[in-house]
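Asks: Sharing a model that was predicted from the sequence below.
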Amino acid sequence: METQTILVTGVNGFIGSHVARLLRKNWRILGIDTNSIDIHGTTDKYCQLVLPDADIEGLLRAEKPLACLHFAGSASVGHSLEHPSHDFQAGPVALFQLLDAIRKTTPDCVVLFPSSAAVYGNPKALPITEDHPLAPISPYGHHKLISEQILKEFSSIYGLNSVILRIFSCYGPGLKKQLLWDVCEKIDQGRLQLFGTGDETRDFIHVDDVALAMEHLLTHQVHNGVFNLAGGEQTTVKRIVQLLVEASAKPGTTAEFNQNSRPGDPLHWQADISRLVQTGFRPQISLEQGVTQYAAWYTRQIHEHN
């Protein structure tokens, strides 16, 4: 039997490349991204495309993917605050064109969409269920919410199948931005000065667990629904810093918090992941294990570039 194809957009990105690498064991991976080459070598066929692009229709018609995992687009709250127009074009506009192309060419293709915990904004109660009111506080969060609405539009009117995954704080080797990268750089420099109080909380999930969740949903043919994707535990920023300091070559470093929070950053997050657990999936990688692995990866990066 011929191996079925999965389309991964944004395949050169942090999450896209990890997901493609895992799924390639059982599926043929068709990857698209803005670069001229497949940077990580995770695809069976690669095409350079900047969505929205009319060429996507011909590609879908020729390849007939079983599923589309749409990781293309910007993935930064800070970028969205400075460049909301670009974030909107790369988010809702690109998604609409992709779904319209799927509707016309491969209507049975299931779309797995990585939304974000940013759609919740500052939650009224923890842990956050998928039915919690949606009140984003950044352009990035608003555009993820608009994208969710577009998916529902194509589902209700055209019958397209889609799974929305609201990913919380995803981390892992390869991520060269956000909290863990920032802390590692500052430990390295010997001055660990950070925003906020350190009592802010996040719900972390390792990128390998995100990939395993995608594989699980595809294997078990979960074709519709909205799911939180997180570890299900609340962790303070201070705790993350402590784990990274312990795993670093400079264990005596102490953190200073400036008591000012950044715009667009919520104070506390913890996901209720029971809906995803009911499908048979649980995250595998503990925070301690994941952070230790990340610190070791960071150290290798620094040595390789020095």
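Replies: Nice, thanks for sending it over.
Asks: Can you show me the helices along this protein?
Replies: Taking DSSP state H as the criterion, the chain carries its helices at 14-23, 56-63, 77-82, 84-88, 94-105, 139-158, 178-189, 207-219, 237-247, 274-277, 287-305.
Asks: Please identify the most buried of these.
Replies: Scoring these by mean neighbour count under mean count of other Cβ atoms under 10 Å gives helix 14-23 as the most buried, with a mean of 23. Placement of C-beta: from N, CA and C, glycine included.
Asks: Check which helices and strands it is in contact with.
Replies: Under the contact definition 3 or more Cβ pairs under 8 Å, 6 or more residues apart in numbering; DSSP states H and E, helix 14-23 sits against strand 5-9, strand 28-33, strand 67-70, helix 207-219.
Asks: buried residues in the third one?
Replies: Neighbour counts over strand 67-70 (16 or more other Cβ atoms under 10 Å) mark Ala67, Cys68, Leu69, His70 as buried.
Asks: give me the number of residues near the nearest residue to Gln89 once chain neighbours are set aside?
Replies: Closest residue to Gln89 apart from its sequence neighbours, by Cβ to Cβ, 6 or more residues apart in numbering: Pro52 at 7.9 Å. Other residues within reach of Pro52 by the criterion other Cβ atoms under 10 Å amount to 17.
Asks: packing partners for the lowest-mean-pLDDT helix or strand in the chain?
Replies: Among the helical and strand segments of the chain, the one scoring lowest on mean pLDDT, DSSP states H and E is helix 77-82, with a mean of 86. For helix 77-82, the helices and strands in contact under the criterion 3+ Cβ pairs under 8 Å, 6+ apart are helix 84-88, helix 139-158.
Asks: I'd like the average pLDDT over the last one.
Replies: I take that to be helix 139-158. If you average the pLDDT over helix 139-158, you get 97.
Asks: which residues are in contact with that helix?
Replies: Helix 139-158 has contacts (Cβ atoms under 8 Å, 6 or more residues apart in numbering) with 74-77, 79-81, 84, 87-88, 91-92, 95-96, 99-100, 102-103, 107, 111, 113, 115-116, 118-121, 134, 136, 160-162, 164, 224, 226, 264.
Asks: Likewise for stretch 212-220?
Replies: By Cβ under 8 Å, 6+ apart, the list of residues contacting stretch 212-220 from outside reads 6, 19, 22-23, 26-27, 66-67, 69, 110, 112, 163, 165, 222, 229, 276, 279-281, 283-284.
Asks: now for the helices of the chain, which one comes closest to Glu2?
Replies: Shortest separation from Glu2 across those is recorded for helix 56-63, at 12.2 Å, computed as Cβ to Cβ.
Asks: Can you tell me which helices and strands the closest one packs against?
Replies: Secondary structure elements in contact with helix 56-63, counted by 3+ Cβ pairs under 8 Å, 6+ apart, are strand 5-9, strand 28-33, helix 94-105.
Asks: just the angle between that helix and helix 94-105, please?
Replies: Using axes from the mean of the first three to the mean of the last three Cα atoms, to 10 degrees, the inter-axis angle of helix 56-63 relative to helix 94-105 is 50 degrees.
Asks: what's helix 56-63 in contact with?
Replies: Outside helix 56-63, the residues within contact range by Cβ under 8 Å, 6+ apart are 5, 7, 30, 32, 45, 47, 49, 97-98, 101-102, 104-106, 109.
Asks: Closest to Gly13 out of the residues you listed?
Replies: Nearest to Gly13, judged by Cβ to Cβ, of the contacts of helix 56-63 is Ile32 at 11.1 Å.
Asks: Tell me the spacing between the closest one and Glu153.
Replies: When distances are taken as Cβ to Cβ, to the nearest Å, Ile32 and Glu153 turn out to be 23 Å apart.
Asks: Any chance of TSV for the helices and strands packed on helix 14-23, columns mean pLDDT?
Replies: Output for the helices and strands packed on helix 14-23, formatted as TSV (pLDDT from 0 to 100):
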stretch	mean pLDDT
strand 5-9	98
strand 28-33	98
strand 67-70	98
helix 207-219	98
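Asks: Using TSV, lay out those together with distance to Val245.
Replies: What follows is those, written out as TSV (distance: least, Cβ to Cβ, whole Å):
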stretch	distance to Val245
strand 5-9	35
strand 28-33	35
strand 67-70	35
helix 207-219	22
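Asks: So which of those is nearest Pro127?
Replies: Between Pro127 and these, the shortest separation by Cβ to Cβ is 17.2 Å, and it involves helix 207-219.
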